[in-house]
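In: got a predicted structure here, sequence first:
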Amino acid sequence: MKNKTQNLCQLLAFAAAGSVSLGALASTPFSTAIPPGPEQEEIEFSAKYLNKDSVRIHRYTGPVEEGMQYGVDINALYKDGEKDNRYSQFQVKGLGTNSQYFKARVGEQGNYSTAFEYRERPLFHYLDLSSPLHGNSLHLPALSGGTSLGDVQESWDIKHKRESIRISGQKVLNREWRMNVLLNREDKTGRRLQGYGEWFSREGFQMPAPIDQRTDQASLTLEYAGKKLQSRMGYHVSEFKQLGDEYFLVDDGFTVNPANPRRRHMAMSPDSTHQQLNASLAYQFSADTRVSTELDYGRARQDNRFVRDPDYFNVLNLIGMDSLNAKFDTTRFAVRGTHRVNNDIRLRANYRFDDRNTRTTMHRNLPSEFGTLRTMRPIDLRRHTMDIDANMRVLNNSTLLLGVKYEDTDRLVAARSETEETTVHGRLRTRISPEVSTGLKVSYAERVGSTYDDTVTGNHEALRKYHLASVDRSNVAANINWNALEQMALGVEVTWKEDRYKKSELGLQSDDRMAYTLTADYFPSSRLSGYGYFTFENGEREQAGLSQQLRHELRTYTVGLGGRGDITEDGRWGAGADILYITSYTDIKATQGADFNKLKNKLRELRLYGDWKPRENTTVKLMYMAHQYRENDWALDHNQVGTNSSYWFMGAENYSQTVHMIMGSVAYRF
């Protein structure tokens, strides 16, 4: 409790010092409106069983640990009987689990609202990996005679957890003005899988890098809403910092002398602060004309000392201050206007200006390992974007949209490079009859500019500019929806995409995709409904190189079926089911030598669920889910030390597993 109180006090002090925020936060404060619905008090007890530890790559999810997990959900909403504009709400989700959420909110409609929230979310990436690295400093063990690092392994779990505290409030100052305040603190702890490699020796290893970091955010905004004029002003600040050291030490497993290994200094993400001022203004000139504008100015600063590696002092000295010396300013200005010519035609025009400035030339003309001067990947840029479109009604049963967009990007590097991209697009929607409607989308884009490096050398530096190369892009999407019967709706959609790159001695030359989708919705009665869909995607990419060319053939099949119905006429018994099937293939064929192994991924998922209401205020729910995923990614499945002379993996296997989950709950409303 002492630590929680200290965290809350620190957060409030952070805000009092001027730490207030707007758009970068995940959500805005709650309004003063009373939550919809009648007063209620509901409690739900749940039990979940998972047959194995669930692995979700880059996903925060619900149950993640093998075995039984019990939880409690509570939702209580109270409204003042005498003064019905006052209310309070208390909500608990997942109490007792590792995915918990708490919310307490009180307010008075049209006057104020304040809320406190706590959220905890786990992420399991890989479990039970092995490495000879030991301890918090990741050191190698001392070896006795006849043993190797492969004989001395320690088990590691690659997982981490997020915890966040959020305080928000809104105050209505008068009929036109209101103020929003929001504070947010998020802590992330755990470990992640990190690799380290040498450019020339082609040697490297993976390690369980620690995570112990905090992000504080806060905001203060003022809003004005008049009859014709609306505006918003705000200030945002975000502070990121490491709660532990700025770096950690790890022994190199490929050191020449295992008894005295080389010690690596691995830098953590640097502390940084971001501030932003923002304002928006909108004016309604008439019932047909409206103009709005936005202005944002942000400044980010990075800790100027966070890399302290004596082995690379000469390189770091060129950058300065043992860091990337990052200073980053951003400016965004946008103006938009809409005008309705008549009941059938509406016009819209938009202009946007973006400026990104690192405010330093320190990253240019750095000596490389080849004895030449190198400029880091460009970050500074100025971009102008303009677009205009017209939306009109034609033939009384169709709407047609025609538009053009122009974008000019100037990258402010030592040798300035400019890219121009022009896109024309159109959309036609038609209702042929009360039962049949169609849609068609078409776009063509052409990007040109002095952004491609025509000098092809043995080094792959030419690839650094390739992502800006000239390209022509075509897109077409057509669909038709048909109410075949009173109880059935059918749909067909076809999409085609084609990218054709110009000057592509290195990298992609073309990328073509086709997709076909069939959908069906069936609802024979008010007690029964069902759906089904099928999608086939087919694609091909051409990739070029100095001495090799590759052709990627991509195919994906997706099938989904499901339905729900009330078993009894009174609706007390209900059941449903969902089935998902996805298979994906990737073939990489080479013009020289052997082709790559085929990549094949399969996903099968079955969900069965039902509910029963023995009383009006009681609901019993039960669900079973089977989830199976298989892949044969040949980039994984490497073993431990000794099986590969150039790289040391921690033994992460293919993401192939079968998971069974059973969930049951009883909800009672007071």
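Out: Nice, I can see it. Numbering: from 1, shown residues only.
In: isn't residue 93 right next to residue 117, touching?
Out: No. In this structure, residue 93 is not within contact of residue 117 by Cβ atoms under 8 Å, at 10.9 Å. For glycine as for every other residue, the C-beta is placed from the backbone atoms N, C-alpha and C.
In: what do these two both touch?
Out: 101, 102 (Cβ atoms under 8 Å, 6 or more residues apart in numbering).
In: what's the burial count for residue 136?
Out: Per other Cβ atoms under 10 Å, the neighbour tally for residue 136 reads 9.
In: and residue 206, by the same measure?
Out: Residue 206: 22 neighbours (other Cβ under 10 Å).
In: can you give me the pLDDT of it?
Out: Per-residue pLDDT puts residue 206 at 88.
In: tell me the buried residues in the strand or helix carrying it?
Out: Using DSSP states H and E, residue 206 falls within strand 204-225. For strand 204-225, the neighbour count (16 or more other Cβ atoms under 10 Å) marks 204-221, 223 as buried.
In: which neighbours does that strand have in its sheet, and in what orientation?
Out: Under the criterion DSSP bridges, strand 204-225 sits next to strand 177-197 (antiparallel), strand 229-242 (antiparallel), strand 647-648 (parallel) in its sheet.
In: most tightly packed of those strands?
Out: strand 647-648 (a mean of 22; mean count of other Cβ atoms under 10 Å).
In: what's the following helix or strand after that one?
Out: Remark: after strand 647-648, the chain's next helix or strand is strand 657-669, criterion DSSP H and E.
In: can you pull the buried residues of that following strand?
Out: 659, 661, 663, 665, 667.
In: kindly report the same for stretch 619-629.
Out: Counting neighbours by 16+ other Cβ under 10 Å, stretch 619-629 gives 619, 621, 623, 624, 625, 627, 629 as buried.
In: in helices only, show me the residues you listed.
Out: Among the buried residues of stretch 619-629, no residue falls in helices (DSSP state H).
In: of all the strands paired with strand 204-225, which one is nearest residue 254?
Out: For residue 254, the closest of these is strand 647-648, at 7.0 Å, according to Cβ to Cβ.
In: any stretches of the stretch 151-300 of the chain with poor pLDDT?
Out: 199-202, 256, 258 (pLDDT under 70).
In: how about a cut-off of 90?
Out: Flagging of the stretch 151-300 of the chain using pLDDT under 90 yields the residue ranges 151-153, 193-206, 244-249, 251-272.
In: what does the stretch 1-150 of the chain give?
Out: In the stretch 1-150 of the chain (pLDDT under 90), the answer is 1-31, 33-40, 52-66, 80-85, 97-99, 110, 122-132, 134-137, 139-150.
In: all helices of it, in order?
Out: Taking DSSP state H, counting those that start in this stretch as the criterion, the stretch 1-150 of the chain carries its helices at 2-16.
In: all strands of it, in order?
Out: Secondary structure of the stretch 1-150 of the chain, counting by DSSP state E, counting those that start in this stretch: strands at 40-50, 67-79, 86-95, 101-108, 112-131.
In: what strands flank the third one, and is each parallel or antiparallel?
Out: When pairing is defined by DSSP bridges, strand 86-95 lines up against strand 67-79 (antiparallel), strand 101-108 (antiparallel).
In: nearest to residue 418, of the ones you listed?
Out: strand 101-108 (48.4 Å).
In: what residues sit buried inside that closest one?
Out: For strand 101-108, by 16+ other Cβ under 10 Å, it's 101, 102, 103, 105, 107.
In: tell me which residue lies farthest from the centre of this protein.
Out: If you look at how far each residue of the chain sits from its centre, by Cα atoms, centre = their mean, the farthest one is residue 145, at 49.6 Å.
In: could you measure from it over to residue 410?
Out: Residue 145 sits at a distance of 65 Å from residue 410 (criterion: Cβ to Cβ, to the nearest Å).
In: for residue 176, see how far away the nearest residue to residue 177 once chain neighbours are set aside is.
Out: Among residues not flanking residue 177 along the chain, residue 224 sits closest, at 5.6 Å (Cβ to Cβ, 6 or more residues apart in numbering). Applying Cβ to Cβ, the value for residue 224 to residue 176 is 5 Å.
In: residue 648 now?
Out: Distance from residue 648 to residue 176, by Cβ to Cβ: 65 Å.
In: tell me the predicted confidence for residue 548.
Out: Residue 548 is given a pLDDT of 78.
In: ramachandran angles for it?
Out: Dihedral angles of residue 548 (phi, psi; degrees, to the nearest 10) stand at phi -150, psi 140.
In: find the nearest non-adjacent residue to it, please.
Out: residue 592 (5.6 Å).
In: any idea which helix or strand carries that neighbour?
Out: If you go by DSSP H and E, residue 592 is not part of any helix or strand.
In: I figured it hits residue 545, correct?
Out: No. Applying Cβ under 8 Å, one finds residue 592 not in contact with residue 545, separated by 9.9 Å.
In: which of these two has more neighbours?
Out: Between residue 592 and residue 545, residue 545 has the larger neighbour count (other Cβ under 10 Å), namely 16 against 9.
In: all strands of the stretch 301-450 of the chain, in order?
Out: Going by DSSP E, counting those that start in this stretch, the stretch 301-450 of the chain shows strands at 327-340, 345-357, 366-367, 373-374, 381-394, 398-411, 417-433, 436-449.
In: reformat these as CSV; add mean neighbour count, distance to residue 129 and mean pLDDT.
Out: Output for those, formatted as CSV (neighbours: other Cβ atoms under 10 Å; distance: least, Cβ to Cβ, whole Å; pLDDT from 0 to 100):
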stretch, mean neighbour count, distance to residue 129, mean pLDDT
strand 327-340, 16, 36, 94
strand 345-357, 16, 39, 95
strand 366-367, 13, 36, 62
strand 373-374, 12, 36, 62
strand 381-394, 15, 40, 94
strand 398-411, 16, 41, 94
strand 417-433, 15, 43, 93
strand 436-449, 16, 43, 94
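In: quick check: buried residues in stretch 594-602?
Out: Those would be 599, 601, for stretch 594-602 by 16+ other Cβ under 10 Å.
In: pull the CA atoms of it into PDB?
Out: What follows is stretch 594-602, C-alpha atoms only, in PDB (Å, rounded to 0.1, in the frame of the first residue of the first chain):
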ATOM      1  CA  ALA A 594      17.800 -24.000 -55.000                       C
ATOM      2  CA  ASP A 595      14.400 -22.500 -54.100                       C
ATOM      3  CA  PHE A 596      13.600 -21.700 -50.500                       C
ATOM      4  CA  ASN A 597      11.500 -24.000 -48.400                       C
ATOM      5  CA  LYS A 598       7.800 -23.400 -48.600                       C
ATOM      6  CA  LEU A 599       6.300 -21.600 -45.700                       C
ATOM      7  CA  LYS A 600       2.900 -22.900 -44.600                       C
ATOM      8  CA  ASN A 601       0.700 -21.500 -41.700                       C
ATOM      9  CA  LYS A 602      -2.500 -23.100 -40.500                       C
END
